[in-house]
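Participant: 3D model of this:
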Amino acid sequence: MAASFPETAISTERLLLRPLAEDDAPGLAAMMADELVLAWTDRPHPFTEADALDLARTLAPAHRAAGHGIVLAVTEHLTQRLVGLVELRHTDWRLRSTEISFITAAWARGEGYAPEAVLGVAQWLFEDRGFQRLELRTAAGNTAAQQVAQKIGGISEGVLRSAWIVRGESGAADEAEASGAESRTDLILWSLLPEDLEAPEALAPAWAGGDRYVLRD
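Facilitator: Just a heads-up that it's a prediction; the model follows:
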């Protein structure tokens, strides 16, 4: 039987990361319709409520059960509103290494939710699951994702040349949506190790006060 992550929930200062539910489908479909999600991710387009239900019911559970990773909805504690999605993938159980990706809803950007969610997952991986490496890959033109990597203390390890497909870039996502245009781009490879979280700024970012994540297996 393949190693796999347990079904879990992770609580941070403002957010709850939990398994996707069928009730998330409308919010998830709306989040995926954003032009920046179209541009920088490989999610299907259009992404309908039927696609969201399939992800929650079938694809995400299968992804976890096969040991590839885990998909978590990111919600606000106060409103329970869906603010994003976090996925672990390409998990190597021998090396105790995995890759993280994230999507933030358009209305929730600029609030620090992405670094808070990613850091919460990193702490869970290192402290509870015994992982030794977390990777993040950001498209060369995706400065917002690069800022998230920097805020969590990620170390840039280099460039993977022509390693991603962008559907529109540098504000041209709407044109790409209309034309179906795609272009190749480089990826920046970032890594985070357990010792990287020992820095005070990584342990206590402004949005987190002095609290750490709370695990809810």
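
Participant: The chain: strands as residue ranges?
Facilitator: 9-11, 15-19, 70-76, 82-92, 97-104, 133-139, 155-166, 183-192, 214-216 (DSSP state E).

Participant: what mean pLDDT does the last one have?
Facilitator: Here the mean pLDDT over strand 214-216 is 52, rounded to a whole number.

Participant: do the same with the fifth one
Facilitator: For strand 97-104, the mean pLDDT works out to 97.

Participant: again with the fourth one
Facilitator: This predicted structure assigns strand 82-92 an average pLDDT of 98.

Participant: Repeat that for the longest one.
Facilitator: The predicted model gives strand 155-166 an average pLDDT of 96.

Participant: How about stretch 136-146?
Facilitator: Mean predicted lDDT for stretch 136-146 stands at 96.

Participant: now the end-to-end length of that stretch.
Facilitator: 9 Å (Cα to Cα, to the nearest Å).

Participant: tell me the centre residue of this protein?
Facilitator: Phe102 (2.0 Å; Cα atoms, centre = their mean).

Participant: taking the strands of the chain together, which one is wrapped up most tightly?
Facilitator: strand 70-76 (a mean of 23; mean count of other Cβ atoms under 10 Å). C-beta here means a position set from N, CA and C on the backbone, and glycine is covered the same way.

Participant: Please name the strands paired to that strand in the sheet, noting orientation.
Facilitator: strand 15-19 (antiparallel), strand 82-92 (antiparallel) (DSSP bridges).

Participant: ok, the closest residue to Leu20 other than its chain neighbours - contacts?
Facilitator: Using Cβ to Cβ, 6 or more residues apart in numbering and skipping the chain neighbours, the partner closest in space to Leu20 is Ala56 (4.0 Å). Going by Cβ atoms under 8 Å, 6 or more residues apart in numbering, Ala56 touches Leu20, Ala21, Glu22, Asp24, Ala25, Leu28.

Participant: Run a quick neighbour tally on the third one.
Facilitator: It refers to Glu22. Glu22: 10 surrounding residues under other Cβ atoms under 10 Å.

Participant: wait, doesn't it sit right on Arg57?
Facilitator: Yes: contact criterion Cβ atoms under 8 Å: Glu22 and Arg57 qualify, at 6.7 Å.

Participant: CA atoms of the longest helix belonging to the chain as CSV?
Facilitator: In the chain, with assignment by DSSP state H, the single longest helix is helix 113-127. Included here for helix 113-127 are C-alpha records, laid out as CSV according to Å, rounded to 0.1, in the frame of the first residue of the first chain:
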residue,chain,number,x,y,z
TYR,A,113,-3.4,34.6,2.9
ALA,A,114,-1.1,32.8,0.5
PRO,A,115,2.1,32.9,2.6
GLU,A,116,0.0,32.2,5.7
ALA,A,117,-1.4,29.1,4.2
VAL,A,118,1.8,27.9,2.6
LEU,A,119,3.8,28.4,5.9
GLY,A,120,1.1,26.6,7.8
VAL,A,121,1.4,23.6,5.5
ALA,A,122,5.2,23.8,5.7
GLN,A,123,5.2,23.7,9.5
TRP,A,124,2.8,20.7,9.4
LEU,A,125,5.0,18.8,7.0
PHE,A,126,8.2,19.4,8.9
GLU,A,127,7.0,19.1,12.5
